[in-house]
Structure formats: C-alpha cells, structure tokens
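[1] Fold the following and give me the result.
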Amino acid sequence: PPTRLTTIAAKDDALFKSNSIQGSAITVYASNGAPTNVIMRWAKVDSAASGGQDVWNMFYASNTLATGAETMWTNLGQDYTFKGDGTLLNDVPSVTIPNLTVNGVNVGEVQLNHGKAGITQFNDVNGTVSTSTMMQNGYGAGEFVSVAINDSGRVTATYTNGERIDMAQVVTAEFNAINKLKRLDGGVFSSTSESGEAILDLSGSGVMGGALEASNTDISDEFTKLIVTQQAYAAGTRIVSAADKMLQEALNMIR
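    Coordinates of the predicted model:
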C-alpha cells in the first residue's frame with residue numbers, strides 16, 4: 001500500500017484500489033450551488049501486524065478523468081491511528097480541506113467534522129467503510145419560493161432546495177412617553193423633547209408572524225374627507241335638479 005503519499009497518479013489507480021478500501025461518497029456544493037460528488041478511499045499506511053500501529057489515510061478522487069502521470073487521488077494529509085479496541089488513538093475531531101477541487105470544479109474550503117469518537121475501526125463483512133450518520137450544511141442551487149416574517153422579527157426567505165435565509169431584521173422602537181409624540185400627516189409620529197429619543201429593540205418583541213396589524217388610520221382625517229366629499233356630492237345634485245326644473249319650465253312655455 002502507498003506510504004505517506006500525498007497524491008496517486010492515474011497510472012497507479014488499479015494498484016491503489018487493490019491496496020485500499022472503498023469509502024463513502026459525499027456531495028458537496030460550490031459557491032454557485034453546483035453539486036460535486038467526492039469519492040473517498042481509505043489506505044492503510046502502517047499496521048500493528050508489522051510491528052507498528054494501525055494508521056490509515058483518507059484519499060479523495062480529485063480528478064477522475066486523469067491519465068498517465070496526472071494526479072487522480074489526493075491524500076487529505078491526516079493520520080487516523082486506531083487502538084486495539086477499534087477506537088481512535090489520536091483525537092481527530094475534524095479535518096479541513098483548504099482548496100477542494102474535483103474534476104476542475106473548485107469548491108473551496110471544506111471541513112469534515114467527525115465529532116468526538118466519530119470514527120471507529122471495526123470488522124466489516126464487506127470490507128468497506130460504512131457511514132452511519134452524515135449531516136451536511138450545504139445546499140444545491142434553488143429558486144426563491146416565498147418570504148415570511150417570524151415571531152423574532154426576522155424576514156426569512158425560503159427556496160426550493162429547502163434552504164431558509166434570514167434576509168432582514170424588523171426593528172421596533174419604544175418611547176418613554178408615547179403620548180408626547182408629535183402627530184404628523186399620514187399617521188406618522190415624530191419624537192419630541194418630552195417623549196424622549198427612540199429606544200430601538202432588535203429582539204423582535206411585539207412582532208407576530210402572519211398576523212394582521214391593527215389599523216393605524218387617522219379616523220378624524222378620514223371623516224373630514226368623507227364629509228367634504230358628501231357635501232360636494234349634495235351640492236352637485238342640487239345644481240342638476242335646478243337645471244332640470246329650468247328646462248322643464250322652458251318646455252312648458254313652448255307648449
């Protein structure tokens with residue numbers, strides 16, 4: 001098996017596969033949402049049977065289309081040393097791939113979080129690596145579906161890939177003396193020296209997602225407009241009525 005090799009060339013692919021075991025494949029996503037399949041293999045670089053320790057390295061297929069001396073497999077560069085009971089001797093909570101590139105698609109920095117005691121070495125009847133639990137925080141490309149405001153006052157957008165993103169935060173303001181605010185046109189209020197300055201609140205308290213807001217219409221202003229409109233309508237009808245009577249009298253005179 002390869003010993004501490006950082007890369008495996010395409011011409012050595014068959015030899016490498018015969019001296020390594022198949023690992024799991026994961027799907028990662030580039031910054032533009034493009035999915036990329038990452039194939040893993042595990043190679044033993046030292047063995048307790050030969051007087052050393054059971055040390056494994058993880059490789060990933062960086063270029064499945066490589067030929068000849070071109071690099072096909074890349075070593076993550078992390079030793080996984082196991083004890084006799086199958087647990088890790090060295091603590092490896094996570095491994096960072098600084099510049100993951102697969103088949104020419106640059107994904108960027110990817111972190112594999114194993115967690116505490118997340119990797120063990122036990123016998124497998126198939127001689128392969130199995131994954132019991134896998135959680136990813138990446139998403140494929142998606143289209144905008146809807147937007148909503150939750151009870152925390154956050155404006156959240158939902159996409160077809162299941163991702164939810166907080167787009168904005170609703171900020172509320174309180175005053176020490178709300179009755180001392182200055183009323184302006186259009187149902188707007190302004191702070192005064194008696195009301196004090198606005199106390200901004202980012203917690204979203206008072207915001208109820210999906211609820212209808214109580215009316216903030218200026219009733220007195222709307223009633224004034226209604227009375228003016230009604231009086232104008234009444235005056236217009238009287239003018240029409242007077243003109244109709246004058247026309248009727250003129251017709252009677254002709255007769």
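
[2] For Ala117, which non-adjacent residue is closest in space?
    Thr87 (6.5 Å; CB to CB, 6 or more residues apart in numbering). (Glycine included, C-beta is placed from N, CA and C.)

[3] That neighbour and Ser94, how far apart?
    Computed with CB to CB, to the nearest Å, the distance linking Thr87 and Ser94 is 17 Å.

[4] other SSEs contacting the strand or helix carrying Asn252?
    For Asn252, the host element (DSSP states H and E) is helix 219-254. Applying 3 or more CB pairs under 8 Å, 6 or more residues apart in numbering; DSSP states H and E, one finds that helix 219-254 contacts no other helix or strand.

[5] Check which residues of that helix are buried.
    By 16 or more other CB atoms under 10 Å, helix 219-254 has no buried positions at all.

[6] tell me the mean pLDDT for it?
    Averaged across helix 219-254, the pLDDT comes to 75.

[7] so how far is that helix from its chain's centroid?
    62 Å (CA atoms, centre = their mean, to the nearest Å).

[8] Okay, now the unreliable bits of this protein?
    Along the chain, the parts satisfying pLDDT under 70 run over 1-3, 123-127, 132-134, 204-217, 238, 240, 242-243, 253-255.

[9] Just the helices from it, written as ranges.
    With DSSP state H as the criterion, the chain has helices at 13-18, 219-254.

[10] Summarise which helices and strands the first one is packed against.
    In terms of contacts (3+ CB pairs under 8 Å, 6+ apart), helix 13-18 is packed against strand 35-46, strand 71-82.

[11] Quick one: closest of the ones you listed to Ser130.
    Evaluated over these, closeness to Ser130 peaks at strand 35-46, with 11.5 Å, by CB to CB.

[12] got the contact list for Gly23?
    Each residue near Gly23 by CB atoms under 8 Å, 6 or more residues apart in numbering is listed here: Ile39, Met40, Arg41, Trp42, Met58, Thr128, Val129.

[13] likewise Asp166?
    Counting by CB under 8 Å, 6+ apart, Asp166 makes contact with Arg154, Val155, Thr156.

[14] among those residues, which are in strands?
    Cross-referencing the contacts of Asp166 against strands under DSSP state E gives Arg154, Val155, Thr156.

[15] What number of residues are in the vicinity of the first one?
    In this case it means Arg154. 18 (other CB atoms under 10 Å).

[16] The last one too?
    Residues lying near Thr156 (other CB under 10 Å) number 16.

[17] Pull the contacting residues for it.
    The contact partners of Thr156, taken as CB under 8 Å, 6+ apart, are Val147, Ala148, Ile149, Asn150, Arg164, Ile165, Asp166, Met167.

[18] coming back round to it: between the helices and strands packed on helix 13-18, which gets nearest to Ala141?
    strand 35-46 (8.4 Å).

[19] what's the angle from the closest one to strand 71-82?
    Relative orientation of strand 35-46 versus strand 71-82 (axes from the mean of the first three to the mean of the last three CA atoms, to 10 degrees): 60 degrees.
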